[in-house]
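Enquirer: generate coordinates for the sequence data below:
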Amino acid sequence: MGLADIHIHTIYSYDATTTVRGVLKQASSVGLNVVAITDHDDIRGAFDARELASQYELEVIPGVEVTTKDGHLLALFIEKIPPRGLSLDETLKHISGLGGIAVAPHPFNQLPGSLSMDNVIGTLTKPELKGILRGIEIYNMTTQPFDEKVQKISSYLPFAKTAGSDAHVYWAIGTGMTEFQGTTAAELRCALENATTIPHPYEEDLMRKYIFNWLRRITLRKLGYVSHSPATEDRISTQRMDLRFTKSQRVKIKRKKK
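Expert: This next block holds a predicted model:
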């Protein structure tokens, strides 16, 4: 059985505080086999992570946390960013056209960016959306106090159940883990499509610790300091980095997506 965290953010997300190498270092340290990099409406971190993954004995799923008109949606196994701001239904169609699948993150609560129960269940009544939304996140470390509703309702829904850290700080990676048969990204996709995943519940209440730590680290990011590990053998530490993405880097990423 393998372990995955399929909801992780790097500094390519405006509100995250860990570099790609820092994410991979922590994921390897906590014993994960597969990670999905799901930055907000940005796929560059996922591409960078995929290039480096073998150094950390990991597999990386390229993904995005897409901002839809109805709430956030994890798009997995994709090579391009779906357009933001569309309805859930239209976004799912785009993900399907890109050869990907989707997971609903932190749903069924009143928090900004969460899909409603009506939105998610509504996809089951539309034949054109069949087989695109494959998973529903029932444990999300950053929304612990709000997950009870989806945990209860998920048993009546035909979606794979997942757990994700939604990590915006490095130490949170792996606090939400999804177990699956196998150890590869392809085997995880198969488990999601067949709804055989096993979500691991949180071991402790981390919400308060996470919020205060994130506030401190996001303040440091604004000052140019992030969590980073320069090489596989180096520990993660707070380091000053130039976070401006140059034009040449953007061109490189654009070429990769072709």
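Enquirer: could you list the low-pLDDT ranges of the protein?
Expert: 245-258 (pLDDT under 70).
Enquirer: can you rerun that using 80?
Expert: 202-204, 243-258 (pLDDT under 80).
Enquirer: going by residue numbers, what spans are helices in it?
Expert: Taking DSSP state H to define them, one finds helices in the chain at 20-29, 44-52, 88-97, 117-122, 148-153, 185-193, 207-222, 247-256.
Enquirer: among the ones you listed, which is nearest Gly174?
Expert: helix 20-29 (6.7 Å; C-beta to C-beta). Every C-beta, even on glycine, is put in place using the N, C-alpha and C of the backbone.
Enquirer: need the CA coordinates for the closest one. CSV is fine.
Expert: What follows is helix 20-29, C-alpha atoms only, in CSV (Å, rounded to 0.1, in the frame of the first residue of the first chain):
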residue,chain,number,x,y,z
VAL,A,20,9.4,23.1,-4.4
ARG,A,21,12.5,21.5,-3.0
GLY,A,22,11.3,22.1,0.5
VAL,A,23,8.0,20.4,-0.3
LEU,A,24,9.7,17.4,-1.8
LYS,A,25,12.2,17.1,1.1
GLN,A,26,9.3,17.1,3.6
ALA,A,27,7.2,14.7,1.6
SER,A,28,10.1,12.2,1.4
SER,A,29,10.9,12.7,5.1
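Enquirer: can you count the residues close to Leu223?
Expert: 8 (other C-beta atoms under 10 Å).
Enquirer: buried residues, stretch 26-39. List them.
Expert: Buried positions in stretch 26-39, judged by neighbour count with 16 or more other C-beta atoms under 10 Å: 26-29, 32-39.
Enquirer: tell me how far Trp44 lies from Val35.
Expert: Rather than Trp, residue 44 is Arg. From Arg44 over to Val35 the distance is 16 Å, taken as C-beta to C-beta, to the nearest Å.
Enquirer: swap that for Arg240, please
Expert: Counting by C-beta to C-beta - Arg240 and Val35 are separated by 26 Å.
Enquirer: ok, Lys209 next?
Expert: Distance of Lys209 to Val35, computed by C-beta to C-beta: 22 Å.
Enquirer: direction included, what does the strand of greatest length in the chain pair against?
Expert: Criterion DSSP state E: the longest strand present in the chain is strand 59-68. Sheet pairing of strand 59-68 (DSSP bridges) gives strand 34-40 (parallel), strand 71-76 (antiparallel).
Enquirer: so who does the nearest residue to Ile37 once chain neighbours are set aside touch?
Expert: Counting by C-beta to C-beta, 6 or more residues apart in numbering, Ala46 is the residue found nearest to Ile37 once chain neighbours are left out, at 3.9 Å. Ala46 makes contact with 36-39, 60-64, according to C-beta atoms under 8 Å, 6 or more residues apart in numbering.
Enquirer: for Asp42, same thing?
Expert: Contacts of Asp42 (C-beta under 8 Å, 6+ apart): 12-13, 64, 81.
Enquirer: what's the farthest-apart pair in these?
Expert: Pairwise over these, using C-beta to C-beta, the maximum falls at Ser13 and Ile81, 12.9 Å.
Enquirer: picking that back up, rebuild the buried residues of stretch 26-39 as a markdown table, extending it with distance to Ala195.
Expert: Compiled in a markdown table, the buried residues of stretch 26-39 are given as follows (distance: C-beta to C-beta, whole Å):
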| residue | distance to Ala195 |
| --- | --- |
| Gln26 | 28 |
| Ala27 | 24 |
| Ser28 | 28 |
| Ser29 | 30 |
| Leu32 | 21 |
| Asn33 | 19 |
| Val34 | 17 |
| Val35 | 21 |
| Ala36 | 17 |
| Ile37 | 23 |
| Thr38 | 20 |
| Asp39 | 26 |
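Enquirer: still on that earlier bit, go through the strands paired with strand 59-68 and name the closest to Thr123.
Expert: strand 71-76 (10.6 Å).
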